[in-house]
Every structure is written in structure tokens, then in C-alpha cells.
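Novice: Okay, structure incoming, though there's no sequence with it:
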């Protein structure tokens, strides 16, 4: 071909993608072969930045929770060792799972997946946490309250027995449906805080499937009166004294009574694990109550709003705690929201509503429904 003909009929110029060398029909055309990959590059960078930011936020939340105990901005001083009395039973000296976590003050109830430590076969019988509960086992994830009649003393002896099992799960979040009954509406109100706290818990258990109703009544107020009387009779039978004669409700008797009610009316084989903790309590102790069917009975001494004097021992139902430091309790027909505050004389629950009583904490009894393992 001559030079002249070549100039008259030039060969078409081919355009190529500079990323993948794909042949393009037009110059500067976006390559159809790698178009998607080019577009997603920005998305990948944005996702990576988002993950970095989330990691920093989570780290700050974890470190802040360890730094502060309450929501009032008070720096937590070193723990102060305080001795209390609680309706005839000494307050416990340590956590039930201290043998598992000697290096940490966190609750082992968290996931009920515990690293077991075997006790010696010759382990002596001890009083659990200084209470009347006798205990030898130290290698179980769950512990239940049991009683045995003593013909010599004409009183019950109490035992804390270890068991294997699995915690009863709850679907969804139902804590906003707790009730708070006023003990003034029930018999012997001056000493009725214990059975009233158990009534609040029992109604919640029955409403959300853990228990079958033992009393059927169309009138809700009548139903709660009858249930209160049933709980009160059971406690009196265990204490062998009325609340008036005894001076209140024994912590041991309350735990045994509630466990027996759960056994009697649960839809399956269910028991109540319990653990008694003394101050200083952490926010994590209360956060862990906010799962499944867990709850707590908080033993306290109210502070008189006028004189500032400490009143007698009192029991309230602890419903939940959140990571923001807010704790919710049911007390005297109301819900009180407040925070933990450490003072020179001990640990306090300080309500957000100043018309409610400040409460000096004696101890916290944690209750966890679980299903015993066969043969336990």
C-alpha cells in the first residue's frame, strides 16, 4: 500500500483502561470492567474509618465505667470496711464466688460460665457470709437455700447447697412492667417491707411466664392481698415467729420462702440461685441484675429527711441498673431512680428525686432462677 492510500484510510486508534488495560470504545470512557471496584474504594475507606471511631468510643466507655461509680461526678474513695446488722443475720464478709475471682471485684454471676475450683474433701462446714446458712461445697455455679428441722432447738437449720444447671432465659425486655406495692396497704405495715418486696417479684415472675398463677381472682387488688398473705404465712412458718414478734423479716427466711414458691409454681423444675454481697458494691453488680429473670433484694437503712438519723433495717426490690450509673428500686409504692455514692460512713443509694429517702446499703441479695441439671 502506498503512502498516499494509508493517509486516506487511517487505522482506528484503540483506547485502553489505565487500571486493567481493557479496550474502550471511546477515549476517557469509564471502564465497564473495573467500574464497580473503583466506586467501592470510597466505601471501603469510609467503613474503615467508622470501625476505628467505634473502637475508640468503646475503649473510652470501658475505662470511664471503671473510674466512676455514680452519676453525680464524685470521685470514688478507697473502700471503707463497715459492719452492719440485718434482721438478726450478720452481713456477709465476701462474695459467694470469691473463691473463683480473688483478683477481681466483679460478679461471677455474669454469664454463669464459671471456672470451677474444687474444694478439699475435708472442707469444714462454715457459715456462709456470716449468716445462718451452713455450707461445705465450693465448686458449683449455682447455690440454693434449703432448710432442715432441728428437733433439739425446735427451729430450722439452713443450708446453702451447690447445684449444676442452666439459667432460665427470658425473651425480650420486661423490666418496665414491674409493680411497686405500698407496704402500707398490707397487714402489719411497719414490718411488711420483706413480703412486699417478694410480692412485687412474684407478680412479675407470674406475669412473664416463669410461674403459673397459684391464685386466680378477677379483682387485681384482692389477688395481691391473697398472694401477700400466702407469702407472709410461708415466712412466718419458716421463722416460727410473726414479723411483729421477730422484729421484721429474716433475710434467710425470705430467700427460703421465695425459692419454695418458685419450686411450687414454676412451669418446670426451677430453683433460685442466691448470692449475698456487701458494700462496696459496683455498678456491674447492678447491671448484671438487668438480664433474664434476675432481681435483687437490697437491705438498707433509710435516712430521716428531717433529722438525718438512720432508721431501722428496710428491704426494697432492686429492679435494674444501667451503664449510665442509674439504679431503679421499688419502694413504698413508687419507683426510685438514683445512684451509688460512697461516703465516709459507707455506701449509699441517693435518689434523683429528693423527696425520696436516701438509703444506706447493708447488703444486696442476688436472685437468679435456673433449671437444675438432672441428678443435681
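Specialist: Yes, it's here. Computed from a predicted model, the values in this text were never measured in an experiment. Residues are numbered from 1 along each chain as shown.
Novice: Surely residue 359 touches residue 314?
Specialist: Yes: contact criterion CB atoms under 8 Å: residue 359 and residue 314 qualify, at 7.4 Å. Every residue, glycine included, has its C-beta placed from N, CA and C.
Novice: Mutual contacts of the two, please.
Specialist: Here residue 359 and residue 314 share the contacting residues 300-302, scored by CB atoms under 8 Å, 6 or more residues apart in numbering.
Novice: In strands, which of those residues appear?
Specialist: In strands, judged by DSSP state E, the following of the shared contacts of residue 359 and residue 314 are found: 300-302.
Novice: who wins for neighbours among those?
Specialist: Among those, residue 300 has the most neighbours (other CB atoms under 10 Å), with 27 neighbours.
Novice: Distance check, the residue lying closest to it once chain neighbours are set aside against residue 308.
Specialist: Leaving out its chain neighbours, the residue that sits closest to residue 300 by CB to CB, 6 or more residues apart in numbering is residue 359, at 3.8 Å. Note on residue 359: its distance to residue 308, by CB to CB, to the nearest Å, is 13 Å.
Novice: Looking at the two, which is more packed in?
Specialist: Neighbours were counted for residue 359 and for residue 308 using other CB under 10 Å; residue 359 has more, 25 against 8.
Novice: where exactly do the helices run in this protein?
Specialist: According to DSSP state H, the chain carries its helices in the segments 3-8, 35-67, 193-207, 220-239, 243-246, 251-265, 283-287.
Novice: so where's the stretch 101-250 of the chain uncertain?
Specialist: Within the stretch 101-250 of the chain, the ranges that satisfy pLDDT under 70 run 101-127, 129-132, 136-137, 214.
Novice: Count the neighbours of the closest residue to residue 197 other than its chain neighbours for me.
Specialist: Using CB to CB, 6+ apart and skipping the chain neighbours, the partner closest in space to residue 197 is residue 317 (4.4 Å). When neighbours are counted by other CB under 10 Å, residue 317 registers 26.
Novice: you'd agree residue 317 is up against residue 299?
Specialist: No: counting by CB under 8 Å, residue 317 stays clear of residue 299, with 11.5 Å between them.
Novice: tell me the average confidence for the strand ranked longest in the chain?
Specialist: In the chain, taking DSSP E as the definition, the longest strand is strand 359-372. The average pLDDT within strand 359-372 is 96.
Novice: tell me what it is packed against?
Specialist: strand 85-86, strand 142-150, strand 165-167, helix 251-265, strand 271-277, strand 295-302, strand 314-321, strand 346-351 (3 or more CB pairs under 8 Å, 6 or more residues apart in numbering; DSSP states H and E).
Novice: Residue 224 and residue 181 touch, don't they?
Specialist: Yes: here residue 224 reaches residue 181: they are 6.6 Å apart, a contact under CB under 8 Å.
Novice: burial count for residue 177?
Specialist: Look at residue 177: counted by other CB under 10 Å, it has 10 neighbours.
Novice: ugh, wrong one, I meant residue 220
Specialist: Residues near residue 220, counting by other CB under 10 Å: 10.
Novice: need the contact list for it.
Specialist: Residues near residue 220 by CB under 8 Å, 6+ apart: none.
Novice: ditto for the one 4 residues further on
Specialist: Contacts for residue 224 (CB under 8 Å, 6+ apart) come out as 181, 199, 203.
Novice: if I look at it, how far off is residue 269?
Specialist: 27 Å.
Novice: Nearest residue to residue 279 in space, please, no chain neighbours.
Specialist: Of all residues not flanking residue 279 in the chain, residue 347 sits nearest, at 3.9 Å (CB to CB, 6+ apart).
Novice: List the residues that contact the one you found.
Specialist: Residue 347 neighbours (CB under 8 Å, 6+ apart): 279-281, 340-341, 360-361.
Novice: tell me the pLDDT at it?
Specialist: For residue 347, the pLDDT comes out at 97.
Novice: what's across from it in the sheet?
Specialist: Residues in a beta bridge with residue 347, per DSSP bridges, are residue 342.
Novice: could you measure it against residue 300, distance?
Specialist: According to CB to CB, residue 347 and residue 300 sit 10 Å apart.
Novice: Which neighbours do the two have in common?
Specialist: Common neighbours of residue 347 and residue 300 (CB under 8 Å, 6+ apart) are 360-361.
Novice: Look at stretch 279-299 and report the distance between its end residues.
Specialist: Its first and final residues considered, stretch 279-299 spans 11 Å by CA to CA, to the nearest Å.
Novice: neighbouring strands for the longest strand of the chain, and are they parallel or not?
Specialist: In the sheet, strand 359-372 lines up with strand 165-167 (antiparallel), strand 271-277 (antiparallel), strand 295-302 (antiparallel), strand 346-351 (antiparallel) (DSSP bridges).
Novice: Out of the ones you listed, flag the one nearest residue 191.
Specialist: Closest approach to residue 191 among those (CB to CB): strand 295-302, 13.9 Å.
Novice: I would like the residues contacting that closest one, please.
Specialist: Strand 295-302 is contacted from outside by 86-87, 91, 197-198, 201, 204, 251, 254, 286, 289, 310-319, 329, 349, 357-367, using CB under 8 Å, 6+ apart.
Novice: Please report the average pLDDT across it, rounded to a whole number.
Specialist: Strand 295-302 shows an average pLDDT of 96 in the prediction.
Novice: Also stretch 267-276?
Specialist: Taken as a whole, stretch 267-276 has a mean pLDDT of 93.
Novice: Report the buried residues of that stretch.
Specialist: Going by neighbour count (16 or more other CB atoms under 10 Å), the buried part of stretch 267-276 is 270-276.
Novice: Turn the strands paired with strand 359-372 into CSV, columns for distance to residue 139.
Specialist: Conversion of the strands paired with strand 359-372 to CSV gives the following (distance: least, CB to CB, whole Å):
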stretch, distance to residue 139
strand 165-167, 14
strand 271-277, 15
strand 295-302, 24
strand 346-351, 30
